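> I need the structure of the sequence given here:
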Amino acid sequence: MLKGQNVICISSIDWDFIWQGHQEIMSTLAMHGNRVLFIENTGARSPGLRDISRIKHRIENWFKGVKGIRKEMDNIYIFSPLVLPFPYSRIARWVNHHLIFSILERWMKAMDFSDPVIWTFLPTPLSLDIVDSLIKKLVIYYCIDNLSVSSVAARKIKRSEESLLKKADLIFVTSKELYNYCIRYKNRVYNFPFAVNFSEFEKIRLQESGIPEELKDIKRPIIGYVGGLHKWVDQNLIKETAEKFPEYSFVFIGPIQSDVSTLLCFKNIYFLGQKRHEELPLFIKYFDICSIPYLITDFTKNVYPTKLNEYLALGKPVISTYLPEVMSFNREFGNIVYVAEDIKQFGEYIRIGIAENKEPIRNKRIQVASQNSWENRIEEMSGIIEKEIEKKRLDRDVKWKENLVVFYRRTRRRLLKVSTICLLLYFLLFKTPFIWFLASPLKISDQPQRVDAIVVFGGGVGETGSPGKSTIERARYAAEFYKDGYADKIIFSSGYTYRYNDAENMRLIALSVGVADKDIILEQNANSTYENVIFSKRILDRNKWDSILLVSSPYNMRRAYLVFNRWRGTLQIFYRPVQESQFYDRSYGVNWEQMKAIMHEYLGIMYYWFKGYIR
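Next up, the predicted model:
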């Protein structure tokens, strides 16, 4: 058995979801002295409304730990990451990689969790990024489903899965169909179907125990099913069988993951919900028949039913639909499962299974299940993993010179690539008119007209980083329009205060160039363009003024225009930015402060749209 390793498991389910091979393998490895970080499902598709409870549960799990990581048991740590729910978006992938890796890197350093074996069940782009970012001992991909046919939303996974298949050192699969698929990309593929914790099931089988409370009032014989009630369950088969055998009870244990409304009207169908993993053997013990009522689809053709060996471990007759993996199982273990080709045969096998009362066949089922125990499976897997780790160690010892040369060459290429990108960005941003081209949609300029008032939005420190330049420019520019007779009143709007209020500073400047004090109105509360508009509009409404000339910086005009469009009503506005702004002087190209101010405007527009300030 594998011992003393650090293992990072990238899971396709959450830890407290239905207990499956993911939890079984990792808890077994942990019990044998390996440390495991179990990363819960980060998603193979974007979530929908039906996932709201799962999202809520993930958020709750995040807060249970430190940055989403908590200790579950000895040697097992659970990471419940919060990620953007767009697994195939490049931007979301970049954000998610940094969100996860920043936490992962710090935790691994704090825990001295180095050189791990990465064991992934999930072949998404994000899983691939984690594999690529970490220094690891080995990469194992356990392919348990053909995810690309599981749903329309998950089809995009095929490309990242192909990359993972090529990168992985070892590939484990759960069915022959998956083996045939994976072997095209890698020759190190091993078939390990999901198994059963045989000792736990045997303990329940042998001990005297009372029937579970929820089964006491259910009439026998019971045809039972354990697992999720998902879209792969053949509801039509269940409906027709329940109609045909009203004297039998059909019991389903597991979470309801699809619409089962057509089955709710049957008095002999019972949905008992999800149970703890340790409770399942006791329920199965009191089933008379165990069922695997799956539809036959491209997805289920790859499925090896996990519950198969659990049913057999308790000696129960098992009836399945015509699943390829169950047929293969029968060929290997001597037709131990009743396999029905249609609904009629499914019903016939129910009659046969209930009538059957033979000790030898029950013992044969138990013996087959014992061969398919998790203990045996994980032991076999461990042997293959240990050999691969040793092989890689020997390869490193032999090829260390070659690997070092390759490492330095790769580093030089990356450095050259990054340097080239940086130089190109620098040239584009600082030595070309690109930023001014980007800024041009922000600028709005109208011919000045005679209006009721001139409104001036203060500069504060939004552009220059220190008060003064923008304030002086805007106040003087507004004063020129006043003196040229375009309006009889000026409103200075700014709540920014640096020793003195910005609006008051503009008033003093206007007075110094000949504006009458009685014609100046101060609005001294606004701390943003949105508030400039709202507070100025109140003054205009009080005075019943219908037209204004708006003065601000050249590139603040678009944001002011969008806000006014949302709130102006019948107000007529002529936009007149400062024509020769010292801050936006282009004589020497573009500087960082100018670039930052232009980006600030674009971000401001996005923020205003998000807040509903603009349409």
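
> the stretch 1-150 of the chain: helices as residue ranges?
21-31, 52-64, 90-110, 125-133 (DSSP state H, counting those that start in this stretch).

> typed the wrong thing, it's the stretch 201-350 of the chain
Here the stretch 201-350 of the chain has its helices, by DSSP H, counting those that start in this stretch, at 235-244, 280-285, 307-313, 324-333, 343-355.

> equivalent analysis for the stretch 401-550 of the chain, please.
Here the stretch 401-550 of the chain has its helices, by DSSP H, counting those that start in this stretch, at 434-439, 469-483, 502-512, 529-543.

> ok, for residue 135, nearest residue in space, not its chain neighbours?
Using C-beta to C-beta, 6 or more residues apart in numbering and skipping residues adjacent in sequence, the residue nearest residue 135 is residue 115, 6.4 Å away. No exception for glycine: its C-beta is placed from N, CA and C like everyone else's.

> relative to residue 9, how far out is that neighbour?
Distance, residue 115 to residue 9, using C-beta to C-beta, to the nearest Å: 16 Å.

> more neighbours, those two?
Neighbours around residue 115 and residue 9, counted as other C-beta atoms under 10 Å, are more numerous at residue 9. The numbers are 27 against 12.

> pull the contacting residues for that one.
By C-beta atoms under 8 Å, 6 or more residues apart in numbering, residue 9 lies in contact with 22, 25, 26, 36, 37, 38, 39, 119, 120, 121.

> I'd like those residues as a markdown table, with neighbour count, pLDDT and distance to residue 155 appended.
Formatted as a markdown table, these follow (neighbours: other C-beta atoms under 10 Å; pLDDT from 0 to 100; distance: C-beta to C-beta, whole Å):
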| residue | neighbour count | pLDDT | distance to residue 155 |
| --- | --- | --- | --- |
| 22 | 26 | 93 | 23 |
| 25 | 24 | 93 | 28 |
| 26 | 24 | 95 | 28 |
| 36 | 24 | 96 | 31 |
| 37 | 22 | 96 | 29 |
| 38 | 24 | 95 | 27 |
| 39 | 26 | 94 | 23 |
| 119 | 27 | 95 | 25 |
| 120 | 23 | 95 | 19 |
| 121 | 24 | 93 | 18 |
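
> circling back: turn the helices of the stretch 201-350 of the chain into CSV, including mean neighbour count.
Shown next, in CSV, are those (neighbours: other C-beta atoms under 10 Å):
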stretch, mean neighbour count
helix 235-244, 17
helix 280-285, 21
helix 307-313, 27
helix 324-333, 17
helix 343-355, 17
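
> ok, which of those helices comes nearest residue 183?
Closest approach to residue 183 among these (C-beta to C-beta): helix 324-333, 16.0 Å.

> kindly export that closest one (C-alpha atoms) in CSV.
Only the C-alpha atoms of helix 324-333 are listed here, as CSV (Å, rounded to 0.1, in the frame of the first residue of the first chain):
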residue,chain,number,x,y,z
PRO,A,324,-22.3,-2.8,-21.5
GLU,A,325,-20.2,-2.8,-18.2
VAL,A,326,-22.7,-5.0,-16.5
MET,A,327,-22.6,-7.4,-19.5
SER,A,328,-18.8,-7.4,-19.2
PHE,A,329,-19.1,-8.0,-15.5
ASN,A,330,-21.3,-11.0,-16.2
ARG,A,331,-18.9,-12.5,-18.7
GLU,A,332,-16.1,-12.2,-16.1
PHE,A,333,-18.1,-13.5,-13.1
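
> name the helices or strands packed onto that helix?
Contact here means 3 or more C-beta pairs under 8 Å, 6 or more residues apart in numbering; DSSP states H and E; on that basis helix 324-333 packs against helix 176-182, strand 338-340.

> please redo it, this time with the cut-off set to 7 Å
strand 338-340 (3 or more C-beta pairs under 7 Å, 6 or more residues apart in numbering; DSSP states H and E).

> if we can go back for a sec, quick check: which of the helices of the stretch 201-350 of the chain is nearest to residue 527?
Using C-beta to C-beta, the nearest of the helices of the stretch 201-350 of the chain to residue 527 is helix 235-244, at 59.9 Å.

> now tell me what touches stretch 216-236 from outside.
18, 248-258, 260, 262-263, 270, 280, 284, 286-291, 293-295, 297, 299-300, 307, 321, 350, 354 (C-beta atoms under 7 Å, 6 or more residues apart in numbering).

> in strands, which of the residues you listed fall?
Residues of those located in strands (DSSP state E): 249, 250, 251, 252, 253, 270, 289, 290, 291, 321.

> switch those over to JSON lines; also include distance to residue 108 and neighbour count.
As requested, these are exported to JSON lines (distance: C-beta to C-beta, whole Å; neighbours: other C-beta atoms under 10 Å):
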{"residue": "249", "distance to residue 108": "51", "neighbour count": "21"}
{"residue": "250", "distance to residue 108": "48", "neighbour count": "24"}
{"residue": "251", "distance to residue 108": "45", "neighbour count": "21"}
{"residue": "252", "distance to residue 108": "42", "neighbour count": "23"}
{"residue": "253", "distance to residue 108": "38", "neighbour count": "24"}
{"residue": "270", "distance to residue 108": "47", "neighbour count": "17"}
{"residue": "289", "distance to residue 108": "49", "neighbour count": "24"}
{"residue": "290", "distance to residue 108": "43", "neighbour count": "24"}
{"residue": "291", "distance to residue 108": "44", "neighbour count": "32"}
{"residue": "321", "distance to residue 108": "45", "neighbour count": "22"}
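
> so which of the residues you listed comes closest to residue 448?
Nearest to residue 448 among the ones in strands among the contacts of stretch 216-236: residue 252, at 76.6 Å, using C-beta to C-beta.

> contact partners for the closest one?
Contacts of residue 252 by C-beta under 7 Å, 6+ apart are 225, 229, 270, 271, 272.
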